[in-house]
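Asks: Turn this into a structure:
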Amino acid sequence: MDNRPENSIIPAAVRSSGSDGLAALDRAATTEEKPDTPSTRGLPFGVYLLAFSLFTMGSAEFLLAGVLPDVADDIHVSLASAGGLITAFAVGVVVGGPPFAIASLRWPRRTALVLTQVVFAASIAAGLVIGTYPALLATRFVAGLAYAGFFAVAAATAVGLVAPDRAARASGVVVSGLGLAMTIGGPAGTIVSQHAGWEGGFWLVVAFTLAGAVAVAVAMPRTSTGPAPSVRRELRTMKRPGLWLVYAATLLSTAAYMITVNYLAELLDDVTGVPEVWVAVVLMLFGVGAYIGLAIGGRIADRRPHHALLAGTAGIAVCSVLIALLAEHPLAVVPLVLLLGVAGFVLNPAVYGRVFALAADAPTLAGAATVSAFQLGISVVPLLAGVALDAGAPVTAVAWIGAGLAVLTVPVVLLERASVKADGPASARRESPVRTPDRGAAGQT
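Replies: Presented below is the predicted three-dimensional model:
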């Protein structure tokens, strides 16, 4: 029986080439069905299945904003109170990932993935059936917990399905599900809700989430947990300063582009003068740019993660400044929206690449904390924008704030890169995932 924990992110084919002892362990694992080693040209189907599942679940986060007035009218609360449903979900995501990561360490990843999907779907459905404000508040919080748990386990699972030199690309594909939810899932659900009541879009999310759970249960490669993974090792990994620098860069860079995206519709309508019928099309351009960015970032982040981080951050800063300066010119703003999507998402694969390189021996909790950092970046946007707009600043101020946040990200990335060089050979091994891990790193349990 395989004596390695299922939560190791290093594929069996790579581990077996690291030493004779590890090769013997792999030959002895006759009862375990291992995921296929990916080809050099494509990613395993499981990676795309995880992206689809994240898309369906993530759509619930962005759908509510589009139907919030209808929800407030239906359950007889103020619009501000209804906004608390968005906050409840966000809080669940921020606090849910790390505890779930620890609690699920002993579980097979497929079990954890399916469970979180079922809990998520059940929570959304329960809130719709009961239909009261307290019930919606509670079920949205639980859904946020489940969503965070799925996101964290999915990211680690995707990396575990591929060779180390494709880890950033695999995680980028999974994260692309969130980008798709933001740009397509939420708006599409809003359209459905306009014709079938505000609950209609959410029932669609429930149905697709359950379909994704069935697909994961059937098609995701089965792995063995082996002996109980070490909670102490996971917690010890979190003490690495480089991880917290990556988390800080994640929070800052996410807020940097999301603050402009969140207020883009108002900017296009009030300042740029784009006809209302075309606003949604321009917003979708951000999604197109996001996929271009993920495609680029996924191909360079495995070997040059800091190049991807710095290029993306610089791109966010430049695009934000130009949007603020040229906001009155549609011919300038429209392509800049596309480029902002490219810049914002070119660094996402690099973020996960750095996290899983630094925490290769204990990725679950580290990956969960990455999810929390992303969500915190999204959550601080209304606070930062509110301060400026409440003070009477024009809506273009949000783009200036985004540029400032991007500039603040640069020294954080440079500091993390400097820490890699300062740590010497051990850090260099973590920095370069294409190298075969040594016996000590691969053999930890």
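
Asks: any weak-confidence spans in the stretch 101-250 of the chain?
Replies: In the predicted model of the stretch 101-250 of the chain, residues 179, 183, 187, 190, 222-230 satisfy pLDDT under 70.

Asks: could you redo the last one with a cut-off of 50?
Replies: The model of the stretch 101-250 of the chain has pLDDT under 50 over residues 223-227.

Asks: could you pull out the helices for it?
Replies: In order along the chain, the stretch 101-250 of the chain carries the following helices (DSSP state H, counting those that start in this stretch): 109-130, 133-160, 167-180, 186-196, 198-219, 231-237, 241-262.

Asks: Quick one: closest of the ones you listed to G293.
Replies: Distance to G293, taken as Cβ to Cβ, is lowest for helix 167-180 among those, at 8.6 Å. No exception for glycine: its C-beta is placed from N, CA and C like everyone else's.

Asks: quick check: angle from the closest one to helix 186-196?
Replies: What separates the directions of helix 167-180 and helix 186-196 is an angle of 30 degrees, with axes from the mean of the first three to the mean of the last three Cα atoms, to 10 degrees.

Asks: Check what contacts helix 167-180 and list those residues.
Replies: Applying Cβ atoms under 8 Å, 6 or more residues apart in numbering, the external contacts of helix 167-180 come out as 9, 43, 47-48, 50-55, 58, 151, 154-155, 158-159, 161-162, 287, 290-291, 294, 297-299, 301-302, 305, 345, 348-350, 352-353, 356-357, 433.

Asks: Can you mark which positions in that helix are buried?
Replies: In terms of neighbour count (16 or more other Cβ atoms under 10 Å), helix 167-180 has its buried residues at 167-180.

Asks: If we only consider those, which is nearest to F62?
Replies: L178 (9.3 Å).

Asks: and G386, how many residues sit next to it?
Replies: Residue crowding around G386 was assessed by other Cβ atoms under 10 Å; the count is 10.

Asks: Next up, the contacts around it.
Replies: For G386, the contact set (Cβ under 8 Å, 6+ apart) is empty.

Asks: what does T409 give?
Replies: 249, 252-253, 256, 313.

Asks: re earlier: redo the helices of the stretch 101-250 of the chain as JSON lines? Include distance to G92.
Replies: Listed next are those as JSON lines, based on distance: least, Cβ to Cβ, whole Å:
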{"stretch": "helix 109-130", "distance to G92": "9"}
{"stretch": "helix 133-160", "distance to G92": "2"}
{"stretch": "helix 167-180", "distance to G92": "16"}
{"stretch": "helix 186-196", "distance to G92": "18"}
{"stretch": "helix 198-219", "distance to G92": "16"}
{"stretch": "helix 231-237", "distance to G92": "21"}
{"stretch": "helix 241-262", "distance to G92": "18"}
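
Asks: and those helices, which is most packed in?
Replies: Looking across the helices of the stretch 101-250 of the chain with neighbours counted as mean count of other Cβ atoms under 10 Å, the highest average goes to helix 167-180: a mean of 28.

Asks: and the angle for that one with helix 133-160?
Replies: With the same axes, to 10 degrees as the criterion, the two stretches helix 167-180 and helix 133-160 enclose an angle of 150 degrees.

Asks: How much space separates the residue nearest the centre of the chain from A51?
Replies: Per Cα atoms, centre = their mean, the C-alpha nearest to the average position across the chain is that of V175, at 4.7 Å. Distance of V175 to A51, given as Cβ to Cβ, to the nearest Å: 8 Å.

Asks: Near S419, how many other residues are there?
Replies: S419 has 15 neighbouring residues, counting by other Cβ under 10 Å.

Asks: before we move on, the earlier item: farthest-separated two in the buried residues of helix 167-180?
Replies: Looking across the buried residues of helix 167-180, with Cβ to Cβ as the criterion, the two at the greatest separation are A167 and L180, at 20.9 Å.

Asks: Provide the secondary structure category for E328.
Replies: For E328, the reduced secondary structure class is coil; criterion used: DSSP: H, G, I helix; E, B strand; the rest coil.

Asks: That one: what's its closest spatial neighbour, skipping adjacent residues?
Replies: What sits nearest to E328 in space, not counting adjacent residues and going by Cβ to Cβ, 6 or more residues apart in numbering, is V271, at 6.0 Å.

Asks: ditto for A311
Replies: Take A311 and drop its neighbours on the chain: the residue closest to it by Cβ to Cβ, 6+ apart is V346, 6.3 Å away.

Asks: repeat for V205
Replies: Residue nearest to V205 in three dimensions, not counting chain neighbours: A60, with 4.8 Å by Cβ to Cβ, 6+ apart.

Asks: Quick check, that neighbour in contact with W203.
Replies: No. In this structure, A60 sits apart from W203 without contact. The criterion is Cβ atoms under 8 Å, and the distance is 10.8 Å.

Asks: who's in contact with stretch 378-385?
Replies: Where contact means Cβ under 8 Å, 6+ apart, the residues beyond stretch 378-385 that reach it are 90, 94, 251, 254-255, 258-259, 262-263, 397-398, 401, 405.
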